[in-house]
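Student: Sequence first, then the predicted structure:
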Amino acid sequence: MHRTSIVLALVILAGCTSGPAPVRELGFRDRTILTTEEIQNARAPSWTAWELLTQLRPEYLRSRGQSSLRLGPATAVVYVNEMRYGEIDALRTMSAEQVLRVQYVNAADATTRFGTDHFGGAILITTK
């Protein structure tokens, strides 16, 4: 009887430790990446990159609050094809037709990757 209980406990434990299911199977998507498919399905011909993000990932455009090291709100810095493009308002001048993929990088990772002055993170845009 005691052996049966131990074997049953081990079988249950083995079933619980099989690891998490892959993210794709659960239907989750990475909110830090705006994929080509999402862009293709959502954009209108006359949209700017700003309007695209407003509709699909408005959290990328939000201020991260006041920083003690910077006057004014901390907003993301925009990079296009790994080149600094400007502040977040620069997205209003870019056509959404050019955008292939968008990724948001948080402030800590952006500072590590690009240097200081990334208190609001970075928006990385890959164009066609």
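Tutor: Yep, it's here.
Student: Only C-alpha atoms from now on, for both contacts and neighbour counts.
Tutor: OK.
Student: Quick check: the residue positioned nearest the centre of the chain vs Arg57, distance?
Tutor: In the chain, the centroid-proximal residue (CA atoms, centre = their mean) is Thr32; its distance is 1.0 Å. Separation of Thr32 from Arg57 (CA to CA, to the nearest Å): 9 Å.
Student: Identify the residues contacting the residue nearest to the centre of the chain.
Tutor: 103-105 (CA atoms under 8 Å, 6 or more residues apart in numbering).
Student: Just name the closest of these to Ile125, please.
Tutor: Gln103 (6.6 Å; CA to CA).
Student: where do the strands sit along the protein?
Tutor: For the chain, the strands defined by DSSP state E cover 33-34, 66-67, 70-73, 77-80, 83-87, 99-105, 122-127.
Student: These: lowest mean pLDDT?
Tutor: In terms of mean pLDDT, the lowest-scoring of those is strand 66-67 (a mean of 52).
Student: What is the least confident helix or strand in the chain?
Tutor: Across the helices and strands of the chain, mean pLDDT, DSSP states H and E gives its lowest value to helix 23-26, namely a mean of 47.
Student: still on that earlier bit, how about the strands of the chain in a markdown table, adding mean neighbour count and distance to Ala49?
Tutor: As requested, those are exported to a markdown table (neighbours: other CA atoms under 10 Å; distance: least, CA to CA, whole Å):
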| stretch | mean neighbour count | distance to Ala49 |
| --- | --- | --- |
| strand 33-34 | 18 | 12 |
| strand 66-67 | 13 | 25 |
| strand 70-73 | 11 | 21 |
| strand 77-80 | 20 | 11 |
| strand 83-87 | 13 | 13 |
| strand 99-105 | 20 | 7 |
| strand 122-127 | 22 | 9 |
